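Peer 1: Task: produce atomic coordinates for the following.
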Amino acid sequence: MYRVITIEREYGSGAAEIARELASLLGWKLWDKDLTAEIARVADVDPEAVSCCEERVDSTFQRLVKVFWRGSYERSMHLENQTFDPDRMVSVGEQVMNQIADGGNAVIVGRGAPYFLRERCDTFHVFLYAPRAEKLRRIQDKGVRLQEAEELVDTVDRERILFVKHYFGADWPTRSLYHVMLNTSVGDENVIETVLHCMRSLEAQSV
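Peer 2: Next up is the predicted model:
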């Protein structure tokens, strides 16, 4: 029986909205912004602090750790605290996500979740992607200008590749981790229906 769903995604593919609806349908806890807050709490970092890091030249590791925060709620996290470097984030992230998985009934968005939880048999892993035009449309629908949307699409995922390679020694996306990889241009409802169908079919096979 699957008790956790992880959703990894290309930037701009609409994963946040899809994960929110999926969690609502299942009656499960959505760990997206709340996951950031929990990691911040355990790491003793203030998630409300406004960071100026976007305006500075970061060290390689400082830049790498920001890739899971950039372009979303988490971009405002204060990352200059000396106790919160990338190594610390990975350590705390693994601890927090395993605790969440132990509790079950959770939909976890990004933050390396499929890598941290890859050995668990109660976790269903999803990867969402989309054509560039679809990603730009979704980002612009949130009020982001085209130039900024293009910059985000061109850089965020490229930096995630570096992060995953450095900390997990793997390619991103690691296709073998995922039960399903879906193109969100088919529509959010179709994506959600497919995820649930595949998950329930696998559960039925294991009975």
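
Peer 1: show me what contacts residue 153?
Peer 2: Contact analysis of residue 153 by CB atoms under 8 Å, 6 or more residues apart in numbering lists 11-12, 132, 135-136, 139. Where C-beta positions appear, they are placed from N, C-alpha and C, glycine not excepted.

Peer 1: I'd like to know how far it sits from residue 17.
Peer 2: Using CB to CB, to the nearest Å, residue 153 is found at 17 Å from residue 17.

Peer 1: Same check on residue 130?
Peer 2: 12 Å.

Peer 1: The two: which is more packed in?
Peer 2: Applying other CB atoms under 10 Å to residue 130 and residue 17 shows that residue 130 carries more neighbours, namely 24 against 13.

Peer 1: Between the contacts of residue 153, which sits nearest residue 101?
Peer 2: residue 11 (24.3 Å; CB to CB).

Peer 1: Please identify the helix or strand for the closest residue in space to the closest one that isn't next to it in sequence.
Peer 2: Closest residue in space to residue 11, ignoring its immediate chain neighbours: residue 156 at 4.0 Å, by CB to CB, 6 or more residues apart in numbering. Applying DSSP states H and E as the criterion places residue 156 in helix 146-168.

Peer 1: buried sites along that helix?
Peer 2: 149-150, 152-153, 156-157, 159-160, 163-164, 167-168 (16 or more other CB atoms under 10 Å).

Peer 1: same deal with stretch 93-100?
Peer 2: Judged by neighbour count using 16+ other CB under 10 Å, the buried positions of stretch 93-100 are 93, 96-97, 100.

Peer 1: Now residue 180, what are its backbone angles?
Peer 2: In terms of degrees, to the nearest 10, the main-chain angles of residue 180 are phi -140, psi 150.

Peer 1: nearest residue to it other than its sequence neighbours?
Peer 2: residue 198 (5.1 Å).

Peer 1: Helix, strand or coil: sort out residue 7 for me.
Peer 2: Residue 7 carries the three-state label strand when classified by DSSP: H, G, I helix; E, B strand; the rest coil.

Peer 1: you'd agree it is up against residue 109?
Peer 2: Yes - with contact defined as CB atoms under 8 Å, residue 7 reaches residue 109; the gap is 5.1 Å.

Peer 1: which residues are common contacts for those two?
Peer 2: Contacts common to residue 7 and residue 109, judged by CB under 8 Å, 6+ apart, are 15, 19.
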